[in-house]
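>>> build me a model from this:
(chains A, B, C and D)
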Number of protein chains: 2
Amino acid sequence: MPARARDAVGTRDDLLAAARRRFAADGYDRTTIRAVAGDVGVDAALVIRYFGSKEGLFTRAADLDLRLPDLTGVRAGDLSKVLVGRFFAVWEGDDTFLALLRAAATSEVAAEAMRSVFAAQVGPALAAVTDDRAPERAALVAATVLGFAMARYVLRLPPLVDMPRDQAEAWLGPTLRHYLLD
Amino acid sequence: MPARARDAVGTRDDLLAAARRRFAADGYDRTTIRAVAGDVGVDAALVIRYFGSKEGLFTRAADLDLRLPDLTGVRAGDLSKVLVGRFFAVWEGDDTFLALLRAAATSEVAAEAMRSVFAAQVGPALAAVTDDRAPERAALVAATVLGFAMARYVLRLPPLVDMPRDQAEAWLGPTLRHYLLD
DNA sequence: AGTATAAGTCATCGCGTGTTGACACCAGAG
DNA sequence: CTCTGGTGTCAACACGCGATGACTTATACT
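Numbering: from 1, shown residues only, chains lettered A, B, ... in the order given. Below you'll find the predicted structure:
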């Protein structure tokens, strides 16, 4: 691999990381290609070269993989602990989820991306632990998680911003169990 | 009151209604003053005259009153029914709530407006039925409602879009009771 | 050595935006 | 009949945006 190309791969990834940060912090519309390029110290035209358009950049940057584990065989008592742990990792691991969430409020493309994450990842993973009304149950779990994320990271309601992880788990656990098992 | 002035009051209210509709459908950034003015059949400059700026228009349009009833004396069993009923009325009554929610994802001004609705209306109303950790409990209730609204009206997750009101109440009821009373 | 290929820059275009100030219209008051 | 104040229009400005295409640079391959 040529040295310059190695640099380029780095720049590409830097652009994606900067884009995620910007989209997560400012939403889709307020994020400008110029700002993303500026964060990396590169010209805006290069972003277009690499990703074709702003929407192309977003699509690449907001490609979300929840990495949900296989839940078959997980005991009912451990279910919520596993789920809450996983979702915390996704929220605070990088900015992808927040970027998608913020953008989804405004952009139909982002909303569709969210729906496809739900259909491809959340639904199937949760179907393994419920025997009836699986889509409905999965949607309620998603709504719970979305609401908590919205209140904590976007709206920043004080009581939730400061809430430690284990307390969040203690509150959300019974709710998730209710949606999945009752 | 002069006839012309009566017309003007009508125009003002029409502008606010159109702004609510646009902000609710498109979010803050994608809503243009020209579009709002166009919906009413009026020049964009008039909107500025009346509301000073786009932000002024939004502030007036997104002034949200949840009209939560006094909950003291409501039996524990009826609590969730009252709350869910009230929130459905707010979501589907007009576009104010959705406008605020969509905008809050992007705009710090809108997020602050949301926090103040929470602090001035939701918190106090729910404090009447809980004796400890009231702010925390109220925030969890808010997160639940926000998540459901986000999933149903913004993301449009199919299982929730089609869910009838009484079924939503059956699902959300135990969750709200858990957050308020456990 | 020379050429192709990819990285990156630069100037610029077209467009839509929020906002402004000057103007036109029309009702009611003196 | 004139004046005043509010309603509404019009043309325009300044700005920032996404996007384009021509250009420069430097590396790797033949």
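
>>> what residues of stretch A:132-151 count as buried?
By neighbour count on 16 or more other C-beta atoms under 10 Å in any protein chain shown, the buried set for stretch A:132-151 is A:134-151. Heads up, the C-betas are built off the backbone N, CA and C, glycines and all.

>>> so that stretch, near chain B or not?
Yes: judged by C-beta under 8 Å from any C-beta of the partner chain, stretch A:132-151 and chain B are in contact via A:135-136, A:138-140, A:142-148, A:150-151.

>>> secondary structure class for the most centrally placed residue in chain A?
Against the mean C-alpha coordinate of chain A, by C-alpha atoms, centre = their mean, the closest residue is A:Phe97 at 1.9 Å. Three-state call for A:Phe97 (DSSP: H, G, I helix; E, B strand; the rest coil): helix.

>>> surely it touches A:Leu146?
No: using C-beta atoms under 8 Å, A:Phe97 makes no contact with A:Leu146, being 10.0 Å away.

>>> local confidence estimate at the residue in chain A that chain B sits nearest to?
In chain A, the residue that lies nearest chain B is A:Gly147 (2.0 Å; C-beta to the nearest C-beta). pLDDT, A:Gly147: 98.

>>> please report how far it lies from A:Tyr179.
Distance from A:Gly147 to A:Tyr179, counting by C-beta to C-beta, to the nearest Å: 12 Å.

>>> what of A:Ala105?
According to C-beta to C-beta, A:Ala105 and A:Tyr179 sit 23 Å apart.

>>> what's near enough to touch the residue of chain A closest to chain B?
By C-beta atoms under 8 Å, 6 or more residues apart in numbering or on different chains, the contact set of A:Gly147 is B:143-148, B:150.

>>> please redo it, this time with the cut-off set to 10 Å
A:155, A:160, B:140-151 (C-beta atoms under 10 Å, 6 or more residues apart in numbering or on different chains).

>>> A:Ile48 too?
A:33, A:37, A:54, A:56-57.

>>> drop anything exposed from those residues.
Counted by 16+ other C-beta under 10 Å, these give A:33, A:37, A:54, A:57 as buried.

>>> could you look up the SS state of the closest residue to A:Val145 other than its chain neighbours?
Nearest residue to A:Val145, sequence neighbours excluded (C-beta to C-beta, 6 or more residues apart in numbering or on different chains): A:Phe87, at 5.3 Å. Using three-state DSSP, the structure places A:Phe87 in helix.

>>> A:Phe87 and A:Leu172 touch, don't they?
Yes: using C-beta atoms under 10 Å, A:Phe87 is in contact with A:Leu172, at 8.8 Å.

>>> what sits in contact with each of these two?
A:141, A:144-145, A:148.

>>> quick revisit: which of the contacts of A:Ile48 lies closest to DNA strand C?
Using C-beta to the nearest atom of the strand, A:Ala37 comes nearest to DNA strand C of the contacts of A:Ile48, at 7.1 Å.

>>> domain parsing for chain A?
Chain A is divided into the following domains under automatic domain parsing: A:3-61, A:76-181.

>>> just how off-centre is the shortest one within its chain?
The offset between the C-alpha centroid of domain A:3-61 and the centroid of the whole chain comes to 18 Å, using C-alpha atoms, centre = their mean, to the nearest Å.

>>> again, but for stretch A:124-135
Relative to its chain's centre, stretch A:124-135 lies at 21 Å (C-alpha atoms, centre = their mean).

>>> stretch A:78-91 too?
The answer for stretch A:78-91 is 13 Å, by C-alpha atoms, centre = their mean.

>>> how about it: buried residues?
For stretch A:78-91, the neighbour count (16+ other C-beta under 10 Å) marks A:79-81, A:83-84, A:86-88, A:90-91 as buried.

>>> who are the packing partners of the lengthiest helix in chain A?
In chain A, assigned by DSSP state H, the helix with the most residues is helix A:3-30. Secondary-structure packing of helix A:3-30 (3 or more C-beta pairs under 10 Å, 6 or more residues apart in numbering or on different chains; DSSP states H and E): helix A:33-40, helix A:44-51, helix A:54-61, helix A:96-104, helix A:108-117, helix B:3-30.

>>> any chance of those helices in JSON lines, plus mean pLDDT and distance to DNA strand C?
As requested, the helices and strands packed on helix A:3-30 are arranged in JSON lines below (pLDDT from 0 to 100; distance: least, C-beta to the nearest atom of the strand, whole Å):
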{"stretch": "helix A:33-40", "mean pLDDT": "97", "distance to DNA strand C": "7"}
{"stretch": "helix A:44-51", "mean pLDDT": "97", "distance to DNA strand C": "3"}
{"stretch": "helix A:54-61", "mean pLDDT": "96", "distance to DNA strand C": "12"}
{"stretch": "helix A:96-104", "mean pLDDT": "96", "distance to DNA strand C": "18"}
{"stretch": "helix A:108-117", "mean pLDDT": "94", "distance to DNA strand C": "16"}
{"stretch": "helix B:3-30", "mean pLDDT": "84", "distance to DNA strand C": "5"}
